[in-house]
Every structure is written in structure tokens, then in C-alpha cells.
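[1] After the sequence you'll find the predicted model.
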Amino acid sequence: MPDLRERILRSSFELFPLGIRFASGKLANNKLDLEHIQRDKALRAMIVRRLGQRVLEHSPDAIVAVPDGANWIAKDIADQYDELTLIRLKRNQQNRDVISFQTAADRVLCGLSERAVLLEDAINEFTSTQRVAAIPEIGKIIVAEEAIWDRGDPTERIEPEFPYRALITEPIPLQLPAESPLRQYARGNHL
């Protein structure tokens, strides 16, 4: 049976020969589209269970997802653990760099929370993480970040002030060379 890394790559790794722009503004020729994990019930359950256990290690009373990729993870974990409040965020449709509370009720829930774990699907340069942490009400309660994959180069990013970790830590270059063995996992070429 394939290991977790291989299962994630087979379900989520995509090539974009014409490029795709990341939250950092940088252009890449590949992406881990981890929302595809939702289609594999067994893989989804395994990841939610593992991340849920890691989340609980931080003794939070709330979880917050980096929108939009981690929304499903946070919802699944909140559904499993009644003691966790789900604080929902959204990206502005006109300016995807702007992140805010999904509703006024989410802002109130945040105000009632003392310790939150931030959930991310794929960490790259912490651009979206920093945008979420810049929301004053959220930034003051984040105690840690958990993710499925950390694909970023640690020498080329500004790390957050709180601890973070991922189920898989393996840098993937933004411009994947033609000879990279990761290409065998690509779900398709997006032109």
C-alpha cells in the first residue's frame, strides 16, 4: 500500500506548464491541490484524524482555517471534536489578498476564544498564514499552525511567530525541472 506522501501526491499534484500564481505572487509550474483529497474518503479520514490529534496537542478551544484550501479540513475536524469552535474566514472575491471573518458571528466566536490552531492545506512561504495572523482578533489567539504539506524552502520565507508543522515536510520547487521524479505523480497538465 502506498505511503501517505505517495497517496497525497497521486491525488493532488498537478502541473501547470503555462504557470499558476501563488498567494505570494510568485509563478509556479506545479501545485498541490489538496482539495482533491476530499474525493478519497479513506485518505481524507486519515488526514483529518492525524491533523485532529495534532491540533488537540495544543489544547485549543478553537480552530481557524486559512481560506479557501483548508476550509474542508477545519470543518471536518470541528465536526469530530465538539470542544473545538470553528472560526470561519473568507477571501474577498475582488481582492483575494484580503481575508476577513466569514460572518459577524465568526468575529464574536473569535472574541470568545482564547487559544486557536490555524489550519493550512499547503505551506509555501506563509503568505496566507501571515494575512490571517494580521487580523488582530485572530493573531492574538493563534498558538500553532498545522498543515498537510510544507512544500516551501525554509531559506526563502519569513516564518510565523508561532510553532508550525506539517504531516509531510518536503520542499517542492515552484519551477519543477523536467527531470524531477515528482512529475510521475502529476494528475494532468493544465494549459
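    Okay, I see it.

[2] Next, the buried residues of stretch 57-71.
    For stretch 57-71, a neighbour-count test (16 or more other C-beta atoms under 10 Å) marks 58, 60, 62, 63, 64, 65, 66, 67, 69, 70, 71 as buried. Heads up, the C-betas are built off the backbone N, CA and C, glycines and all.

[3] Give me the residues contacting that stretch.
    Contacts with stretch 57-71, where a contact means C-beta atoms under 8 Å, 6 or more residues apart in numbering, come from 34-35, 55, 73-75, 77-78, 83-91, 99, 109-110, 113-122, 128-129, 132, 138, 141-144, 147.

[4] remind me which residues of this protein are low pLDDT?
    Residues of the chain meeting the criterion pLDDT under 70: 1, 188-191.

[5] quick one, helices of it?
    According to DSSP state H, the chain carries its helices in the segments 4-12, 41-56, 71-80, 104-112, 127-133, 136-139.

[6] Rebuild these as TSV, extending it with distance to residue 25.
    Listed next are the helices of the chain as TSV, based on distance: least, C-beta to C-beta, whole Å:
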stretch	distance to residue 25
helix 4-12	22
helix 41-56	28
helix 71-80	22
helix 104-112	27
helix 127-133	8
helix 136-139	22
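
[7] Identify whichever of those lies nearest to residue 183.
    Closest to residue 183 of the helices of the chain is helix 4-12 (C-beta to C-beta; 10.4 Å).

[8] If I take the closest one and helix 41-56, what angle do their directions form?
    120 degrees (axes from the mean of the first three to the mean of the last three C-alpha atoms, to 10 degrees).

[9] so what secondary structure elements neighbour helix 4-12?
    Helix 4-12 sits against strand 27-32, helix 41-56, strand 164-169, with contacts defined as 3 or more C-beta pairs under 8 Å, 6 or more residues apart in numbering; DSSP states H and E.

[10] what angle separates the second one from helix 71-80?
    With the same axes, to 10 degrees applied, the angle from helix 41-56 to helix 71-80 works out at 70 degrees.

[11] Next, the buried residues of helix 41-56.
    Using 16+ other C-beta under 10 Å as the test for burial, helix 41-56 gives 43, 44, 47, 48, 51, 52, 54, 55.
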